[in-house]
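Participant: Attaching a predicted model along with its sequence, questions to come.
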Amino acid sequence: MKTVGILGGGQLARMLVLAGAPLGLRFKVLDPAADACAGQVAPLTVGEYADEGTLARFIDGVDVATFDFENVPAQAADWLAARVPVFPPPQALAVAQDRLSEKNLFRDLGIPVAPFADVDSEAALQDAVMKIGIPCILKTRRLGYDGKGQFRIRATEDIGAAWAALGPQAATTGLILEGHVAFQCELSVIAVRGRDGAFHAWPLARNWHDEGVLSASLAPAPVDAALHAVALDHARRLAEALDYVGVLALELFCRDGELLANEMAPRVHNSGHWTIEGSQTSQFENHLRAVLGMPLGDTGALGVSCMLNWLGELPDPVPLMREAGGHWHDYGKSPRPGRKVGHASVRVNSHEALVAALQRVGVALGRQAQVAPVIASLA
């Protein structure tokens, strides 16, 4: 019986554990928080990722290690990789932790991106804004996620405020200026690559965000086959360049029929939660298959799915659970503003059935605003 070690004990680790139970796997989880929700379903080691003593206790008996979020220190992954197999490779983790390295890799692989520039001073910011144009977004190169560490520049008068907000972090996190993309929709491709180089991808998901945090995903996204093929080619090139093993997410902007890469996530991803009930093999099971060297499972969709994220606190589960295709996921977290505390998915056989189900759920939960853009995209 194999034991998988997971750096990070959030809901993604929790869902990996739940997916691994039918495969006969055991798990150990490392997280600094004593109440990490994955600790409810697997043994939890509490400690700092950078502490070698903690890491040594954590890997005792572990056959392979992985991670559930990209802000795990790359040095910790490197330390583990010298002692046990670590997948995805620490190199991929390091690239994803730095927006500048990430954008340079996209560009080197011929994957289109919005204009960008490294920023290390207010003068450099002024120059970059003049070259890239307004509107644009100043971001921290490191430690930003779910809309954090960003300042949107809408006019030249905003430059000083942007530097005042993020400039003090320049020395520790680095800063990058990115051009604004007037996109028609946001898409993500969730792919998986095995130890043997086998590559599979799920159908594209279309995503909607609320203040930088994922609100809803629709899969398969209603896009043409040519666009779908381009997205999968981008993900394949990225995975091969990194000699990747495991699940990889690539977030994309679609602008006038062109796909621009926004960012990658070297892990299972929020926009792939629909795969639990909506595909032949979930992203969580396939990630485990990949890192353990098992054959990859089929990634085909089962009907049409919509995932709804629950932030802050959970709504009443009853209206969703009354739906024939409704599925409920409570992460076991205490409520907190903006915190991801759960999600739900609706899987049905047609767009018409999905629209009807989302209308019922939206009204019953008072979540019409959350489901409205999904419904509109299917009109």
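Facilitator: Arrived safely. Numbers count the residues shown, from 1 in each chain.
Participant: got any ranges where the stretch 101-250 of the chain has weak pLDDT?
Facilitator: The stretch 101-250 of the chain contains residues with pLDDT under 70 at 144-147.
Participant: show me where it has strands.
Facilitator: With DSSP state E, counting those that start in this stretch applied, the stretch 101-250 of the chain shows strands at 116-119, 136-140, 150-153, 175-179, 185-193, 199-201, 205-210, 213-219, 246-255, listed in chain order.
Participant: Make a markdown table out of the ones you listed and add mean neighbour count.
Facilitator: Placement of C-beta: from N, CA and C, glycine included. Written out in a markdown table, the entries for the strands of the stretch 101-250 of the chain read as follows (neighbours: other CB atoms under 10 Å):
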| stretch | mean neighbour count |
| --- | --- |
| strand 116-119 | 20 |
| strand 136-140 | 23 |
| strand 150-153 | 18 |
| strand 175-179 | 23 |
| strand 185-193 | 26 |
| strand 199-201 | 19 |
| strand 205-210 | 20 |
| strand 213-219 | 24 |
| strand 246-255 | 24 |
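Participant: Indicate which one of the ones you listed is closest to residue 277.
Facilitator: strand 213-219 (11.0 Å; CB to CB).
Participant: the helices in this structure, which residues?
Facilitator: Counting by DSSP state H, the chain has these helices, from start to end: 11-20, 52-59, 74-81, 90-96, 99-108, 122-132, 158-166, 170-173, 225-241, 275-278, 283-291, 318-321, 351-365, 368-377.
Participant: Export the strands of the stretch 101-250 of the chain to CSV and append columns for distance to residue 263.
Facilitator: Formatted as CSV, the strands of the stretch 101-250 of the chain follow (distance: least, CB to CB, whole Å):
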stretch, distance to residue 263
strand 116-119, 11
strand 136-140, 10
strand 150-153, 12
strand 175-179, 10
strand 185-193, 10
strand 199-201, 17
strand 205-210, 12
strand 213-219, 13
strand 246-255, 5
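Participant: Which one of those lies nearest to residue 69?
Facilitator: With CB to CB as the criterion, residue 69 lies closest to strand 246-255 of the strands of the stretch 101-250 of the chain, at 11.9 Å.
Participant: what angle separates that closest one from helix 225-241?
Facilitator: 140 degrees (axes from the mean of the first three to the mean of the last three CA atoms, to 10 degrees).
Participant: list the helices and strands strand 246-255 packs on?
Facilitator: Contact partners of strand 246-255 among helices and strands, from 3 or more CB pairs under 8 Å, 6 or more residues apart in numbering; DSSP states H and E: strand 185-193, helix 225-241, strand 258-265, helix 283-291.
Participant: repeat that with 6 Å
Facilitator: For strand 246-255, the contact count by 3 or more CB pairs under 6 Å, 6 or more residues apart in numbering; DSSP states H and E identifies strand 185-193, strand 258-265, helix 283-291 as packing neighbours.
Participant: between the last one and helix 11-20, how many degrees?
Facilitator: This means helix 283-291. 70 degrees.
Participant: Which strands or helices does helix 283-291 pack on?
Facilitator: The contact analysis (3+ CB pairs under 6 Å, 6+ apart) places helix 283-291 against helix 11-20, strand 185-193, strand 246-255.
Participant: Return the residues in contact with residue 308.
Facilitator: Under the criterion of CB atoms under 6 Å, 6 or more residues apart in numbering, the neighbours of residue 308 are 216, 344.
Participant: How about the contacts made by residue 292?
Facilitator: Under the criterion of CB under 6 Å, 6+ apart, the neighbours of residue 292 are residue 2.
Participant: before we move on, the earlier item: closest to residue 119 out of the helices and strands packed on strand 246-255?
Facilitator: Using CB to CB as the criterion, the shortest distance between residue 119 and the helices and strands packed on strand 246-255 is 17.3 Å, found for strand 258-265.
Participant: So what are the structural domains in the chain, by residue number?
Facilitator: Following automatic domain parsing, one gets these domains for the chain: 3-86, 115-179, 185-377.
Participant: returning to that earlier point: nearest to residue 379, out of the helices and strands packed on helix 283-291?
Facilitator: With CB to CB as the criterion, residue 379 lies closest to strand 185-193 of these, at 14.0 Å.
Participant: between the closest one and helix 225-241, how big is the angle?
Facilitator: Computed by the same axes, to 10 degrees, the angle between strand 185-193 and helix 225-241 is 50 degrees.
Participant: Mind giving me the packing neighbours of strand 185-193?
Facilitator: Under the contact rule (3+ CB pairs under 6 Å, 6+ apart), strand 185-193 is packed against strand 199-201, strand 205-210, helix 225-241, strand 246-255, helix 283-291.
Participant: For it, what is the distance to the chain centroid?
Facilitator: 9 Å (CA atoms, centre = their mean, to the nearest Å).
Participant: In space, what's closest to residue 335 - neighbours in sequence excluded?
Facilitator: The spatial neighbour of residue 335 that comes closest, neighbours along the chain excluded (CB to CB, 6 or more residues apart in numbering), is residue 313 at 3.9 Å.
Participant: so how many other residues sit close to residue 227?
Facilitator: By other CB atoms under 10 Å, 17 other residues sit near residue 227.
Participant: what's residue 38 in contact with, if anything?
Facilitator: Each residue near residue 38 by CB under 6 Å, 6+ apart is listed here: 9, 13, 14, 29.
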